[in-house]
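In: 3D model of this:
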Amino acid sequence: MRLRRWPVWADIGWMKIRSLLLLLCVLPLALVPAGCSTNPATGEASFTAFMSPDDEKQVGAEQHPTLVQQFGGAYRDPELQAYVDRVGLSLARQGELQDLHWSFTILDDDGINAFALPGGYVHVTRGLLALASNEAELAGVLGHEIGHVTARHAAQRYSTEQATSLGIGALGILGVFAGLPPMLGSLANSSLQTGAAVYLQSYSRDQELEADRLGVRYMSRAGYDPDAMVTFFRKLDAYARLQASLVGDPAAADRFDIMASHPRTAERVQEAGVEANAHRLPGQRLDRQRFLQAIDGLLYGDAPAQGLRRGRDFLHPGLRIAFRVPDGFVLKNSPQQVVAIGPDGAVLAFDAEPRADVARAAPDMATYLARVWAAKAQLAALQQFTVAGMPAAAAAARGKSGGSTVDIRLVAIRGGPDRIWRFAFISRPQATARLLDGFRATVESFHALSAEDAAALQPWRIRLASVNEGDTQERLAARMVMPELRLETFRVLNGLAAGAPLTPGETIKIVGE
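Out: Residues are numbered from 1 along each chain as shown. Modelled structure (predicted):
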């Protein structure tokens, strides 16, 4: 799970800062050497003083392996990877940066996400591939990310942050830069270590919309139907609403929407539709069947190595553990931890003590909890007990999250000589009392899996099915293996509205083993 945060200058207003910085582009070059460049994708002037094209390549090359590891590694399917490479390169050839060595990586992550590092490193999750319905929708996603690279958005954002940190504002803009030309190169080079993480921050509204426009341009030039970008935006919205319905709170859709920190989906649909109309040409294609054949057998949901979610149950065949989260909580998995998002802003997190030597040294769970894990917290109600025969301890505390007071319940369980399992339950004080029984039930549900039960667990995969005469959405959705919201998931995966007719002979996606 990737957290996005606005940079510290967001409150000043992107448009105001952008206008001020672009003033540098019309100043005499003697005052501002190399402060601005011509944007290769738009032809407009942009402020990129603190990150050169060579810097972008360096950042991308250095950070790409780390990023892939943080998102569960690369998905191992040579044929599918070659397919995504072909689509991505066909789009990159339509762009303005032909000297880049473009790289397209499928991440072994079930989330719906895609992003690019500067220098031409584009990443797409297998979860996003499962959601797409045709090659043109994939092209729209990859084209958008290519647009961020060709428009040098990371260099613009990073340079703006660096300039703002140096005090550039409405006053003194000439004085600051007139006195600092010798520092520009050294500051840019020394700050590349922190600048490599700029992709984690949100792009501005204008940059996101610009990447949409460029994505439509590239996919249209490559022969794809640009309307596919519009249909995929609608799928993102439907997916967010599906996840919110799993929590039982339709108003929670923003918490599951990867576009929540971007321009609203409705606005992007409208803007993309206008752009698509301008780039529509005869013979543009969707390539639905070729795409579906490429993702047949794609892993859906969790990889066994990270544990499997089955409704409210989390089961890890490798570690041979299992537990169940409370009703109304939706499990989210990642290589680092398991998180469950619940009603009223409640959150449940599960992981293990990362240091085996610390786990071995802990004399008992109460001591570990009070002196190691939560050594700086003011704990209350510290108690020891057992869970499925394993020693455990629990305590309560008050803390702050996003400026608000929250209740925290911590539980540590001895899972072996060098293993400590940890639960953290976070809730708003007004909701804690009615959530406590569910939290306790989750802890009590924690148990070891037998070797037979662990071996019987199989991951889910995207499977293709052909629509027969008389088939309905309900009949086909009944073949899905997930325990809940089968029909709704079937509709989202296939981009179907409720009641939409099916065409005999049509290929559709279902989730099976």
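In: so where's this protein uncertain?
Out: Residue ranges of the chain with pLDDT under 70: 1-36, 41, 43, 45-50, 155-156, 158-202, 246-273, 276.
In: domain map for it?
Out: For the chain, the domain assignment from automatic domain parsing gives the residue ranges 8-278, 304-456, 459-512.
In: residue 103: what's it in contact with?
Out: Going by Cβ atoms under 8 Å, 6 or more residues apart in numbering, residue 103 touches 64, 120-122. All C-beta atoms are positioned from the backbone trio N, CA, C, and that covers glycine.
In: just send the residues you listed back as CSV, with neighbour count, secondary structure and distance to residue 372 too.
Out: Rendered in CSV, the data for these read as follows (neighbours: other Cβ atoms under 10 Å; DSSP: H, G, I helix; E, B strand; the rest coil; distance: Cβ to Cβ, whole Å):
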residue, neighbour count, secondary structure, distance to residue 372
64, 18, helix, 35
120, 25, coil, 44
121, 27, strand, 38
122, 25, strand, 41
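In: now do the helices in the stretch 51-200 of the chain.
Out: Along the stretch 51-200 of the chain, counting by DSSP state H, counting those that start in this stretch, helices occupy 53-70, 78-92, 126-131, 135-150, 153-165, 173-178, 181-190, 192-195.
In: for the fourth one, what is the distance to the chain centroid?
Out: Spelled out, that is helix 135-150. On the basis of Cα atoms, centre = their mean, to the nearest Å, helix 135-150 sits 16 Å off its chain's mean C-alpha point.
In: if you count neighbours, what's buried in it?
Out: Buried residues in helix 135-150, defined by neighbour count with 16 or more other Cβ atoms under 10 Å: 135-150.
In: if we can go back for a sec, right, so the domains of the chain: which one is the most enclosed?
Out: Across those, averaging neighbours per residue (mean count of other Cβ atoms under 10 Å) puts domain 8-278 on top, at a mean of 19.
In: and the nearest residue to residue 378 once chain neighbours are set aside, how far is that from residue 326?
Out: Nearest non-adjacent residue to residue 378, counting by Cβ to Cβ, 6 or more residues apart in numbering: residue 397, 6.1 Å away. Applying Cβ to Cβ, to the nearest Å, one obtains 20 Å for the distance of residue 397 from residue 326.
In: also residue 303?
Out: As for residue 303, its distance to residue 326 is 25 Å (criterion: Cβ to Cβ).
In: tell me the contacts of the residue lying closest to residue 145 once chain neighbours are set aside?
Out: Here the nearest residue to residue 145 in space, its sequence neighbours aside, is residue 116; by Cβ to Cβ, 6+ apart that works out to 4.0 Å. With Cβ under 8 Å, 6+ apart as the criterion, the residues that contact residue 116 are 122-123, 145-146, 148-149, 199.
In: ok, these vs residue 280, which is closest?
Out: Distances from those to residue 280 were compared by Cβ to Cβ; the smallest belongs to residue 146, at 20.1 Å.
In: rewinding a little: as TSV, the contacts of residue 116 with distance to residue 445 would be great.
Out: Written out in TSV, the entries for those read as follows (distance: Cβ to Cβ, whole Å):
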residue	distance to residue 445
122	41
123	35
145	40
146	46
148	43
149	46
199	38
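In: closest one of these to residue 277?
Out: Distance to residue 277, by Cβ to Cβ, is smallest for residue 146 among the contacts of residue 116, at 21.3 Å.
In: quick check, the closest one in contact with residue 212.
Out: No. Checked against Cβ atoms under 8 Å, the pair residue 146 and residue 212 is beyond contact range at 11.7 Å.
In: in this protein, which helix has the most residues?
Out: The residue-count maximum for a helix in the chain (DSSP state H) belongs to helix 227-247.
In: just the CA atoms of it, as CSV, please.
Out: Listed in CSV are the C-alpha atoms of helix 227-247, where the atom choice follows Å, rounded to 0.1, in the frame of the first residue of the first chain:
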residue,chain,number,x,y,z
ASP,A,227,-12.5,6.1,-25.6
ALA,A,228,-10.9,3.2,-23.7
MET,A,229,-9.3,5.7,-21.3
VAL,A,230,-12.8,6.9,-20.5
THR,A,231,-14.1,3.4,-19.9
PHE,A,232,-11.2,2.5,-17.6
PHE,A,233,-11.8,5.6,-15.5
ARG,A,234,-15.3,4.4,-15.0
LYS,A,235,-14.1,1.0,-14.0
LEU,A,236,-11.8,2.6,-11.4
ASP,A,237,-14.9,4.4,-9.9
ALA,A,238,-16.9,1.1,-9.9
TYR,A,239,-14.0,-0.7,-8.2
ALA,A,240,-13.8,1.9,-5.5
ARG,A,241,-17.6,1.6,-4.9
LEU,A,242,-17.3,-2.2,-4.8
GLN,A,243,-14.6,-2.0,-2.1
ALA,A,244,-16.6,0.5,-0.1
SER,A,245,-19.7,-1.9,-0.2
LEU,A,246,-17.5,-4.6,1.3
VAL,A,247,-17.2,-2.4,4.3
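In: what helices or strands is that helix leaning on?
Out: Counting contacts by 3 or more Cβ pairs under 8 Å, 6 or more residues apart in numbering; DSSP states H and E, helix 227-247 packs against helix 126-131, helix 135-150, helix 205-221, helix 265-278, strand 330-333, helix 486-494.
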